[in-house]
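**Q** How does the following fold in three dimensions:
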Amino acid sequence: MIEVRRGNRLRAMLNAGRASLRNGEPLLERLCIPACNPDNGRMSLVTLRDAHIAFGERPLLDGAQLAIRDGERIGLIGRNGTGKSTLLAVLAGLTALDAGELALRNGLRLSLVEQEPQLPLADSLRDSLRLRGRSTVTSTGAPSGAMPVDEREHWRLESRLEEYLHRFGVTGTASPETCSGGERKRAALALALALQPDLLLLDEPTNHLDIETIERLEEMLLKVPAAVIISHDRAFLDRVTSRIIELDRGVLRSYPGSFSAYERRKDEEIATEDAARRRFEKFWAQEEVWIRKGVEARRTRNEGRVRRLERLRQERVTRRDRIGAIRLTLNSGERSGDLVAELDGVSKRFDDRPIVDQLSLRIMRGDRIGLIGANGAGKSTLIRLILGELAPDAGTVRLGTRLAIAYFDQLRAQLDPDATLAEAISPGSDWVEVGGERRHIMSYLGDFLFPAQRANAPIRMLSGGERNRLLLARLFARSANLIVLDEPTNDLDIESLELLEERLQDYTGTLLLVSHDRRFLDNVVTQTLAAEGDGRWREFVGGYSDYLEQRPMPAPGRVEAVRAPAAAKSMRERSIGAVFSKVRLSYNEQRELEGLPEEIEALERAQTELVARMSEPDYHRQDGAVLRSDRQRLEALEALLLQRFARWEWLEEKRSRST
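**A** Take a look at the predicted model:
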């Protein structure tokens with residue numbers, strides 16, 4: 001059994017379906033709602049058909065189609081403002097469709113964690129979570145089980161909640177009013193996982209979480225029955241998701257596989273779409289030139305061409321192009337001195353808690369330093385010490401000469417909510433100078449995807465992602481040879497993140513970056529400053545991946561957990577070395593090694609072609625046998641590729657050791 005929810009415009013269709021049911025005609029067959037997925041026989045948890053929803057003139061969902069199956073972990077991505085959070089609200093039953101239908105499996109248990117979770121007022125965080133849990137409902141409206149009638153289940157839930165609170169490092173006795181954004185997010189995630197829903201809906205779950213907690217969350221999500229996750233964290237998506245759904249101009253597009261597979265496929269799609277757009281514009285321009293010839297266009301035999309031109313004009317008007325990308329320009333201005341900052345034996349404590357302990361550090365012009373550590377480790381405090389905004393308890397801080405500093409604040413404290421967008425960028429003037437060029441404020445705001453009519457709107461009306469874009473616009477409207485970015489990736493969509501990465505890579509000044517985005521750190525910084533606890537900080541060469549390779553061994557309590565695998569690996573390497581030292585490649589092995597690159601390339605080509613075919617809009621309409629065969633073929637290709645890569649590595653290792 002499934003439950004069907006429809007937009008107001010389809011209520012007449014529902015009544016017709018009920019009449020047909022009374023006459024013996026199956027309702028599901030009449031309404032064409034797929035209760036199960038034909039390619040694997042698994043029941044669909046949620047099915048969205050021809051969904052429409054709009055706020056104002058711009059549609060957020062425009063005939064969108066989606067089926068979520070048991071066992072899927074879907075990454076929902078798209079530009080800021082495209083309607084991702086609205087789609088989650090539709091799936092959770094909090095927002096109704098304007099038109100279309102939403103079908104849910106009967107008794108489906110849903111849990112939604114919003115981007116900024118709101119916790120009910122209570123004496124303790126644990127009591128607040130109990131109240132929040134009572135409001136969670138199944139698809140049929142029955143209580144989800146935060147306080148179930150079954151007393152045994154009640155205590156099991158309490159036990160699970162305590163377990164997840166502990167795993168997220170949250171104290172249940174704290175007051176919800178005094179909790180930080182990160183604590184509220186971790187508490188809401190703990191409750192959602194403790195409820196054990198059939199479908200978990202997460203909106204930006206990694207915001208406000210440190211890297212260690214993100215990695216812990218990844219392990220938990222790999223075990224949930226099904227999930228739909230909005231996220232811009234590419235490393236997180238790559239680890240957790242089994243399918244990527246992109247919301248683009250009101251349409252949902254499906255890409256099976258990891259986020260890396262989506263990136264490859266998307267690059268191909270964008271190139272194809274751009275080429276088609278250029279051909280269309282060229283053809284349309286030629287037809288416009290022809291119609292202006294007048295007499296020839298009015299001949300009877302050319303009336304068809306005139307009608308075709310009218311269709312082209314209409315298509316050009318109604319065509320919705322891809323949303324533009326923000327345009328960033330970084331100007332480092334006057335060069336600073338060679339020395340940017342020098343810390344000598346710096347210490348800082350708050351309430352007997354060491355934040356920085358005897359830190360000596362030298363920052364030179366052109367350095368790109370990433371600061372990482374757990375929430376509360378003191379990353380923002382260390383930034384303020386480096387900039388001279390906070391005096392150390394001990395030690396000295398020396399700043400370099402000719403410093404022009406631009407500071408991106410993670411709390412958006414630099415933005416007055418009552419000021420307008422234009423006032424935030426250029427108070428008292430309609431002009432701004434960027435990179436030596438004088439720009440009108442309207443044009444400059446357009447570079448950051450703010451239309452001219454919003455320039456005089458108050459900042460409090462902006463979403464989190466829009467506030468981030470505005471702060472970036474303000475930051476880059478001035479010349480700075482030292483840029484400080486404190487959690488700049490929160491709320492930014494993936495395209496904006498990648499563009500920011502490119503600009504920072506080309507930036508010639510000095511950069512201090514606080515971030516939990518592992519891929520962003522890898523792509524931007526050249527040094528990593530890591531918090532190791534008790535106020536100790538250590539510098540490592542490279543980004544986050546390099547830090548993982550260089551960081552010290554785990555604490556003594558964890559040594560035994562890693563010692564056995566390490567010893568086994570060492571023994572295995574010694575065994576392989578002993579074999580390779582005695583045996584050279586045979587003639588057949590040599591020929592196999594020479595042919596493996598071509599074989600792997602052919603397998604990858606076949607995999608790419610199959611994924612492309614499975615991503616086509618009408619793919620799911622094919623016969624179930626074809627769908628099952630394709631899925632089995634894709635799994636076989638992936639397994640075979642892993643096998644051939646392993647064989648290639650083994651043969652190469654053998655050849656290198658025997659020469």
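
**Q** show me what contacts Thr396?
**A** Thr396 makes contacts with 343-346, as judged by Cβ atoms under 8 Å, 6 or more residues apart in numbering. From N, CA and C alone the C-beta is placed, and that goes for glycine too.

**Q** Most widely separated two among the residues you listed?
**A** Within the contacts of Thr396, Leu343 and Gly345 form the most distant pair, 7.9 Å apart (Cβ to Cβ).

**Q** Next, show the common contact partners of the two.
**A** Both Leu343 and Gly345 are in contact with 359-360, 395-396, where contact means Cβ under 8 Å, 6+ apart.

**Q** Just the buried residues of the residues you listed.
**A** Among these, those scoring as buried are 359, 395 (criterion: 16 or more other Cβ atoms under 10 Å).

**Q** Looking at Leu343 and Gly345, which is more packed in?
**A** Neighbours were tallied for Leu343 and for Gly345 using other Cβ atoms under 10 Å; the higher tally belongs to Leu343 (21 against 12).

**Q** In three-state terms, label the more buried one for me.
**A** Following DSSP: H, G, I helix; E, B strand; the rest coil, Leu343 is assigned to strand.

**Q** so what's it bridging to?
**A** When assigned by DSSP bridges, Leu343 has beta-bridge partners Leu361, Val397.

**Q** Now for it: which residues touch it?
**A** By Cβ under 8 Å, 6+ apart, Leu343 lies in contact with 359-362, 385-386, 395-397.

**Q** Let's see that with 6 Å instead.
**A** Contact analysis of Leu343 by Cβ atoms under 6 Å, 6 or more residues apart in numbering lists 359-361, 397.

**Q** same thing with Tyr587?
**A** Contacts of Tyr587 (Cβ under 6 Å, 6+ apart): none.

**Q** picking that back up, quickly name whichever of the shared contacts of Leu343 and Gly345 is closest to Gly133.
**A** Nearest to Gly133 among the shared contacts of Leu343 and Gly345, counting by Cβ to Cβ, is Leu359 at 43.5 Å.

**Q** Sticking with Glu635, tell me its helix or strand.
**A** helix 624-658 (DSSP states H and E).

**Q** re the thing from before, adding distance to Asp98, write the contacts of Thr396 out as TSV.
**A** As requested, those are exported to TSV (distance: Cβ to Cβ, whole Å):
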residue	distance to Asp98
Leu343	58
Asp344	64
Gly345	64
Val346	58
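
**Q** Which of the shared contacts of Leu343 and Gly345 sits closest to Leu449?
**A** Using Cβ to Cβ, the shared contacts of Leu343 and Gly345 come closest to Leu449 at Leu359, 40.0 Å.

**Q** Next, the closest one: secondary structure please.
**A** Classification of Leu359 by three-state DSSP places it in strand.

**Q** In this structure it contacts Arg536, no?
**A** No - with contact defined as Cβ atoms under 6 Å, Leu359 does not count as touching Arg536 (8.3 Å).

**Q** residue ranges of the strands in the stretch 1-150 of the chain, please?
**A** Per DSSP state E, counting those that start in this stretch, the stretch 1-150 of the chain carries strands over the ranges 2-6, 44-55, 58-69, 73-77, 99-105, 110-113.

**Q** Helix or strand with the lowest mean pLDDT in the protein?
**A** Ranked by mean pLDDT, DSSP states H and E, the helix or strand of the chain with the weakest confidence is helix 27-31, at a mean of 27.

**Q** low-confidence ranges in the stretch 351-500 of the chain?
**A** Counting by pLDDT under 70, the stretch 351-500 of the chain shows low-confidence ranges at 410-414, 435.

**Q** how about the strands of it, start to end?
**A** Using DSSP E, counting those that start in this stretch, the strands found in the stretch 351-500 of the chain span residues 353-364, 368-372, 394-399, 405-408, 431-434, 437-440, 482-486.

**Q** how distant is the fifth one from the center of its chain?
**A** Put plainly, it is strand 431-434. Offset of strand 431-434 from its chain centre (Cα atoms, centre = their mean, to the nearest Å): 32 Å.

**Q** now what about that strand, what contacts it?
**A** Contact with strand 431-434 is made by 329, 425-426, 438-439, 441, 444, 477, as judged by Cβ under 6 Å, 6+ apart.

**Q** list the buried ones in stretch 529-548?
**A** Under the neighbour-count criterion of 16+ other Cβ under 10 Å, stretch 529-548 has 529-531, 535, 537, 540, 542-544, 546-547 buried.

**Q** Just give the number of residues close to Ala606.
**A** When neighbours are counted by other Cβ under 10 Å, Ala606 registers 15.

**Q** and it, which of the three is it?
**A** Classification of Ala606 by three-state DSSP places it in helix.

**Q** ok, it to Gln632 distance?
**A** 14 Å (Cβ to Cβ, to the nearest Å).

**Q** so can I have JSON lines of the strands of the stretch 351-500 of the chain showing distance to Lys223?
**A** Below are the strands of the stretch 351-500 of the chain laid out as JSON lines (distance: least, Cβ to Cβ, whole Å):
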{"stretch": "strand 353-364", "distance to Lys223": "35"}
{"stretch": "strand 368-372", "distance to Lys223": "26"}
{"stretch": "strand 394-399", "distance to Lys223": "46"}
{"stretch": "strand 405-408", "distance to Lys223": "36"}
{"stretch": "strand 431-434", "distance to Lys223": "49"}
{"stretch": "strand 437-440", "distance to Lys223": "51"}
{"stretch": "strand 482-486", "distance to Lys223": "33"}
